[in-house]
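Chemist: Predicted model, plus sequence, below.
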Amino acid sequence: MTSQPQPFDASLNDLASEGINAHDTALIFEGGGMRNSYTAACVKKLIDNGVEFGWVGGVSAGASHAVNFLSLDSFRAVESFVDFAKNPSFGGLSSMLRGTGYFNAEFIYEKAADQDLPFDFETFSSNPTPLNLSAVNALTGETVVWTRDDINQVEDLLVRVRASSTLPLIMPMRHIDGVPFVDGAMGDSGGIVIEEAEKAGFEKFLFVGTKPRGFVRPEVKRKAGVRGFFRKYPSVAEAMISRPAKYNASKQRLLELEQEGRAQLFFPEDMQITSTERNVMKLRANYQAGKQQMYSEWPAWKKFLESN
């Protein structure tokens with residue numbers, strides 16, 4: 001594994017002497033762009049306490065959380081959504097004007113893994129936990145799900161994480177085998193893969209979200225405008241228009257499972273940024289807010305994960 005510098009928050013070195021066996025539980029990460037700096041502390045806490053799940057799924061930025069968790073790389077889990085944003089190749093308006101996107105996805109998800117932000121594919125590959133990633137076929141609107149069976153080398157993984165994270169409008173589509181893909185949150189799950197986790201046979205769930213508990217995704221108002229903008233990809237337009245209903249249904253299912261005692265849900269209480277934030281100081285502050293909430297909720301998490 002490539003040696004790495006210490007994260008800016010060195011106080012998080014709280015590796016547990018014994019792990020937690022949560023093989024009966026599915027772990028689900030919500031996306032949200034740079035809002036995931038808030039939940040990066042959750043990823044690190046789970047890694048540092050040696051929690052092992054039976055299934056891990058995520059879409060969009062949640063896909064990054066999922067693979068960082070499975071590679072047991074707590075440094076990368078934090079760095080990806082905090083200090084990495086100050087890298088000159090990360091993105092911005094100049095990057096968008098060059099056609100590489102407001103977030104330079106090719107660099108962030110693929111090229112950076114070689115040197116700027118190394119990915120430990122060996123550890124990831126040796127981790128037997130099932131993985132579930134998804135993106136949307138921009139030509140058909142079909143949700144495409146990828147598992148470990150689709151990943152033979154690190155490039156296979158990185159390109160799929162990028163495809164799952166390709167936000168329409170601000171990031172160029174990623175083609176895989178000639179097919180263009182957009183963000184997995186535009187798919188059947190609406191961005192919360194609870195249905196996939198239930199289909200996999202799980203009855204206990206830990207959900208790490210980036211939207212407040214009371215958030216309800218509003219209906220798209222300017223449908224004609226969306227359809228006009230994506231006239232070359234009408235399936236993408238329809239996916240964006242139909243997403244709110246799908247998201248809200250998945251969110252409601254989570255709340256029902258929580259009432260039944262079968263789900264532990266994390267909703268941010270002090271989210272301080274939007275999904276496109278690139279200011280490192282604001283990202284650090286947001287991370288610290290998430291860390292504070294994570295530590296206050298950890299006893300309840302631990303109790304839930306250790307229960308039969």
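Modeler: Yes, it's here. Predicted model, so just to flag it, every value in this text is computed and none were measured. Numbers count the residues shown, from 1 in each chain.
Chemist: R243: how many residues sit nearby?
Modeler: Using other C-beta atoms under 10 Å, R243 is surrounded by 21 other residues. For every residue, glycine as well, the C-beta is placed using N, CA and C.
Chemist: Also the one 10 residues further on?
Modeler: Counted with other C-beta under 10 Å, residues neighbouring R253 total 16.
Chemist: Would you check how far apart it and N308 are?
Modeler: 23 Å (C-beta to C-beta, to the nearest Å).
Chemist: Check D120 too.
Modeler: 32 Å.
Chemist: mind listing the helices for this protein?
Modeler: In chain order, the chain shows helices spanning 36-48, 61-70, 74-79, 93-97, 105, 121-126, 154-164, 194-199, 223-229, 234-259, 280-306, with DSSP state H as the criterion.
Chemist: any chance of these in TSV, with distance to D188 too?
Modeler: Compiled in TSV, the helices of the chain are given as follows (distance: least, C-beta to C-beta, whole Å):
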stretch	distance to D188
helix 36-48	21
helix 61-70	15
helix 74-79	27
helix 93-97	29
helix 105	23
helix 121-126	26
helix 154-164	13
helix 194-199	7
helix 223-229	19
helix 234-259	7
helix 280-306	27
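Chemist: These: lowest mean pLDDT?
Modeler: Comparing mean pLDDT across the helices of the chain, the weakest is helix 93-97, with a mean of 84.
Chemist: Quick check, central residue of this protein?
Modeler: With distances taken as C-alpha atoms, centre = their mean, G62 lies nearest the centre of the chain, 0.7 Å away.
Chemist: out of D120 and N308, which sits in the busier spot?
Modeler: D120 (22 against 4).
Chemist: my read: the more buried one touches L72, true?
Modeler: Yes - using C-beta atoms under 8 Å, D120 is in contact with L72, at 7.4 Å.
Chemist: just so I know, which of the helices of the chain lies nearest M171?
Modeler: With respect to M171, and counting by C-beta to C-beta, the nearest of the helices of the chain is helix 105 at 4.8 Å.
Chemist: Show residues contacting that closest one.
Modeler: For helix 105, contacts defined as C-beta atoms under 8 Å, 6 or more residues apart in numbering pick out 162, 165-166, 171-172, 174.
Chemist: what about A40, distance to V193?
Modeler: A40 sits 19 Å away from V193 when distances are taken as C-beta to C-beta.
Chemist: scratch that, E269
Modeler: For E269 relative to V193 (C-beta to C-beta), the value is 23 Å.
Chemist: hey, where'd the strands end up in the stretch 1-150 of the chain?
Modeler: Listed in chain order, the strands of the stretch 1-150 of the chain (DSSP state E, counting those that start in this stretch) span residues 20-29, 51-58, 131-137, 143-146.
Chemist: can I get the ones you listed in CSV with mean pLDDT and mean neighbour count?
Modeler: Rendered in CSV, the data for these read as follows (pLDDT from 0 to 100; neighbours: other C-beta atoms under 10 Å):
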stretch, mean pLDDT, mean neighbour count
strand 20-29, 98, 22
strand 51-58, 98, 23
strand 131-137, 98, 26
strand 143-146, 98, 20
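Chemist: Nearest to T210, out of the ones you listed?
Modeler: Shortest separation from T210 across the strands of the stretch 1-150 of the chain is recorded for strand 20-29, at 8.8 Å, computed as C-beta to C-beta.
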